[in-house]
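Q: Pasting the sequence and the predicted coordinates here, then a few questions.
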Amino acid sequence: MTTTTATEPGYVPASESLSAVLAKGEPPPRPSALAASMAFGWRAMLKIKHVPEQLFDVTAFPIMMTLMFTYLLGGALAGSTGEYLTYVLPGILVMSVVMTTMYTGLAVNTDIEKGVFDRFRTLPIWRPAPMVGYLLGDAFRYTMASVTILVLGLIMGFRPEGGILGVLAGVGVLVVFSFAFSWLWTMFGLLLRSEKSVMGVSMMVLFPGTFLSNILVMPETMPGWLQGFVSVNPITHVAASVRGLMNGNLDPAELMWTGIASAVLIVVFGTLTMRLYNRK
Amino acid sequence: MVSEPTGLAIEATGLVKTFGDNRAVDGIDLAVPAGTVYGVLGPNGAGKTTAVKMLATLLRPDGGTATVFGHDIVGEADKVRGKVSMTGQYASVDEDLTGAENLTLLARLVGHRKPAARARAAELLEAFGLTEAAGRQVKKYSGGMRRRLDIAASIIKTPQVLFLDEPTTGLDPRSRNQVWDIVRIIVGQGTTVLLTTQYLDEADHLASRIAVIDHGKVIAEGTPGELKASVGAGSVHVRLRHADRRAEAEQLLNKILSVEVRLEPDPVALTARLSGTVSDAGAAEQAAKALTELAAAGITVDDFSLGQPSLDEVFMALTDRPATTQEESR
Ligand SMILES: Nc1ncnc2c1ncn2[C@@H]1O[C@H](COP(=O)(O)OP(=O)(O)O)[C@@H](O)[C@H]1O
Ligand SMILES: [Mg+2]
């Protein structure tokens, strides 16, 4: 089964030392929900440390998207790339970060395949903690992606009217929404059999979800039936909120809709995720 | 309903788990005395992992009930989780992390703060001979080291019941012996161990009681000795000095023991399987009588032994087929 990849020194289990560690196995009080979640968040960070390749996805992909859309559509839609950047950069930010949320589903799915997940499930801890841990690790990625895009945007000529505070608030709103949205992926990660099917479903949701919104194009240019969909798409409200905060012209109603959408996502998909997790 | 502590660590009645049409566990009863090693023995696909996963609260039974120290595995799953620990058949540690990180993570999850968790991880690594490998990613560990880390992870908080699902499958003999030693030490400290295995000698060496399962059902249960007795009290093996006296010896043994005597490929060897109704003492007495009669008839015996039946023979007798399936290897 397993191949020997390291030479073993002649270990002989010693009764005294083993008995001594067993005797000290008196448990401390069980960890709080927060402590357990933080421990899992630490695990997610360790995984990034040991497998840094995964950060490529949250840096290279957003760079590509930003360059592609700004120069491809900028001239055609807004007359100039500079003007378009003000409109589209916050949108691209939302699109890239929302797209990276699907890695949560992949991470959950690959973990289930391995026995380590079974061990977590036999621990008497706050049940959602492993899931929250994934999401904490992901929040770090979302922040990375955001910083990458913003730096690139500034280089390309993006000058947010909202100032530093507006930009930070925009990123904050986006990270909160992405955290809520990720529960959809934890659910699919638990529900679907293979990594491939998680990928497939992610694409089915993310492509229409992000493109059929106000991210790239102002909805006024779309046919009426499409405007209907775009106006109820939560991504539209997130993009509008982030854009509003960064450009200093926030419509509070957009922020409210983003908040409501986040809460609904957490309640619905968080519940479904935990039900699947407990049933597994 | 209040369950009294009974001296039983695990009590299961009629446990069932089905996957589609497949009744993976088909009505299993178990009574595991506290403080002992209990062996669940069965070939690949018998339902061992499924049964253990139900007892460890990882799978919800489709029928039947089970308690761990009086706590229902469904209704009081969280209480059960506080008492049990499981080392799964496939490594239940994170391959991307180092050994130290794995144990530190789990120590934090049982409630230690980070510095205490680090210290606990370090002392466990030391006791399991993994200090040198502490900073290495687990994917670079050998099978035996991984197993030891896995068991160490299971005793970060000393469990009252430890489930070990095929702990030595795929290990080399030396690593297997290390695991056996570890199991003996753990049970010596009062933890009840439920161990599944495909290896008859493993159950025989470690367990004080064994349940033999096949196709999701318990087909025999008892101490290793009882299981052997249900097949036969053992065999008398005789080696003669002269091959030409074998026919005579065969007749004599047949008359005294009133059982069939088998002639071995070795021209001077004979084996007589004692009947199942004979007690251990009775078997010894019969064997002694046979030896005396052979001597009286002037047949020189070079070697003589009274062997207990192997658990392989037990499985053969219970299921009419060998215990091990072809595809697996040791
Ligand atoms: N998750 C599952 N889905 C479907 N069938 C399963 C699943 N787990 C186990 N089985 C089936 O249940 C039976 C018992 O499996 P298992 O408990 O793993 O046996 P063992 O551990 O004794 O080898 C096998 O036929 C196996 O194919
Ligand atoms: Mg198994």
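A: Yep, that arrived. Ligands and ions are numbered 1, 2, ... in the order given.

Q: quick one, phi psi at residue B:11?
A: Torsion angles at residue B:11 (phi, psi; degrees, to the nearest 10) stand at phi -140, psi 120.

Q: Tell me the predicted confidence for it.
A: pLDDT, residue B:11: 95.

Q: Then the one 4 residues further on?
A: On pLDDT, residue B:15 comes in at 96.

Q: what about the helix or strand it falls within and ligand 1, any contact?
A: Taking DSSP states H and E as the definition, residue B:15 sits inside strand B:8-19. Yes. Residues of strand B:8-19 are located near ligand 1 by Cβ under 6 Å from any ligand atom, namely residue B:19. No exception for glycine: its C-beta is placed from N, CA and C like everyone else's.

Q: starting at the chain centroid, how far to that strand?
A: Distance of strand B:8-19 from the chain centroid (Cα atoms, centre = their mean, to the nearest Å) equals 18 Å.

Q: Sheet-wise, list the partners of the helix or strand just after that strand with their directions.
A: For strand B:8-19, the following helix or strand on the C-terminal side (DSSP H and E) is strand B:22-33. Partners of strand B:22-33 in the sheet, by DSSP bridges, are strand B:8-19 (antiparallel).

Q: For the spatially closest residue to residue A:102 that is not a sequence neighbour, give me the backbone phi and psi.
A: Excluding the flanking residues, the one nearest residue A:102 by Cβ to Cβ, 6 or more residues apart in numbering or on different chains is residue A:202, at 3.8 Å. Residue A:202 adopts backbone torsions of phi -60, psi -40, taken as degrees, to the nearest 10.

Q: Could you do residue B:272 as well?
A: phi -120, psi 120.

Q: List the contacts of it.
A: Contact analysis of residue B:272 by Cβ atoms under 8 Å, 6 or more residues apart in numbering or on different chains lists B:235-236, B:238, B:253-254, B:257, B:259-262, B:290.

Q: Any quick ChimeraX command for the buried ones out of those residues?
A: For the buried members of these, the matching ChimeraX selection, counting by 16 or more other Cβ atoms under 10 Å in any protein chain shown, is:
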select /B:235,236,238,253,257,259,261,290
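
Q: Which of the contacts of residue B:272 fall in strands?
A: B:235-236, B:238, B:261-262 (DSSP state E).

Q: residues in contact with the nearest residue to residue A:162 once chain neighbours are set aside?
A: The shortest distance from residue A:162 to any non-neighbouring residue, by Cβ to Cβ, 6+ apart, is to residue A:248 (4.0 Å). Going by Cβ under 8 Å, 6+ apart, residue A:248 touches A:160-163, A:166.

Q: Return the per-residue confidence for residue A:248.
A: pLDDT at residue A:248 comes out at 88.

Q: cool, residue B:2 as well?
A: pLDDT for residue B:2: 41.

Q: Taking chain B, what residue is nearest to ligand 2?
A: Nearest to ligand 2 in chain B, going by Cβ to the ion, is residue B:49, at a distance of 3.1 Å.

Q: does that residue sit in a helix or strand, and which one?
A: helix B:48-55.

Q: Relative to residue B:298, how far out is the residue nearest to residue A:162?
A: With distances taken as Cβ to Cβ, to the nearest Å, residue A:248 is found 116 Å from residue B:298.

Q: about what we covered before: what's the closest of the contacts of residue B:272 to residue B:8?
A: Relative to residue B:8, the closest of the contacts of residue B:272 is residue B:235; by Cβ to Cβ it sits at 34.9 Å.

Q: Just the element for the residue most central in space within chain B, please.
A: Centroid-nearest residue in chain B, with Cα atoms, centre = their mean: residue B:203, separated by 2.7 Å. Element membership of residue B:203 [criterion: DSSP H and E] is helix B:200-206.

Q: Helix, strand, or coil at residue B:64?
A: Following DSSP: H, G, I helix; E, B strand; the rest coil, residue B:64 is assigned to strand.

Q: Verify the stated contact: it with residue B:11.
A: No. Look at residue B:64 against residue B:11 with Cβ atoms under 8 Å: they stay out of range, at 11.0 Å.

Q: By mean pLDDT, point me to the weakest helix or strand of chain A.
A: The weakest-scoring helix or strand in chain A, judged by mean pLDDT, DSSP states H and E, is helix A:54-78 (a mean of 77).

Q: How many neighbouring residues does residue A:88 have?
A: 26 (other Cβ atoms under 10 Å in any protein chain shown).

Q: just the strands in the stretch 151-300 of chain B please.
A: Secondary structure of the stretch 151-300 of chain B (DSSP state E, counting those that start in this stretch): strands located at B:161-165, B:192-197, B:209-214, B:217-222, B:234-240, B:261-263, B:269-274.

Q: related to what we said a few turns ago, which residues sit in contact with the nearest residue to the residue nearest to the centre of chain B once chain neighbours are set aside?
A: Spatial nearest neighbour of residue B:203, chain neighbours left out: residue B:39 (3.6 Å); criterion: Cβ to Cβ, 6+ apart. Contacts for residue B:39 were tallied using Cβ under 8 Å, 6+ apart; they are B:195-197, B:202-203, B:206-207, B:209-211.

Q: and the strand holding residue B:15, which residues are buried?
A: Residues of strand B:8-19 classed as buried under the neighbour-count rule (16+ other Cβ under 10 Å) are B:8-12, B:15-17.

Q: Then stretch B:236-247?
A: B:236-238, B:240, B:245-246.

Q: Work out the gap between it and the centre of the chain.
A: With Cα atoms, centre = their mean as the basis, stretch B:236-247 stands 36 Å off its chain's centre.

Q: which residues sit against that stretch?
A: Residues outside stretch B:236-247 that contact it (Cβ under 8 Å, 6+ apart): B:249, B:253, B:257, B:263, B:266-272, B:274, B:286-287, B:290, B:294, B:299-307.

Q: Please repeat the previous calculation with a cut-off of 10 Å.
A: B:248-250, B:252-253, B:256-257, B:259, B:261-264, B:266-274, B:283-284, B:286-287, B:290-291, B:294, B:297-307 (Cβ atoms under 10 Å, 6 or more residues apart in numbering or on different chains).

Q: ditto for stretch A:157-166
A: Counting by Cβ under 10 Å, 6+ apart, A:66, A:70, A:80-83, A:85-86, A:88-90, A:149-154, A:167-170, A:242-250 sit against stretch A:157-166.

Q: That one: end-to-end distance?
A: End-to-end distance of stretch A:157-166 (Cα to Cα, to the nearest Å): 17 Å.

Q: So for it, mean pLDDT?
A: So the average pLDDT for stretch A:157-166 ends up being 87.

Q: Show me which residues of it are buried.
A: For stretch A:157-166, the neighbour count (16+ other Cβ under 10 Å) marks A:158, A:160, A:162, A:166 as buried.
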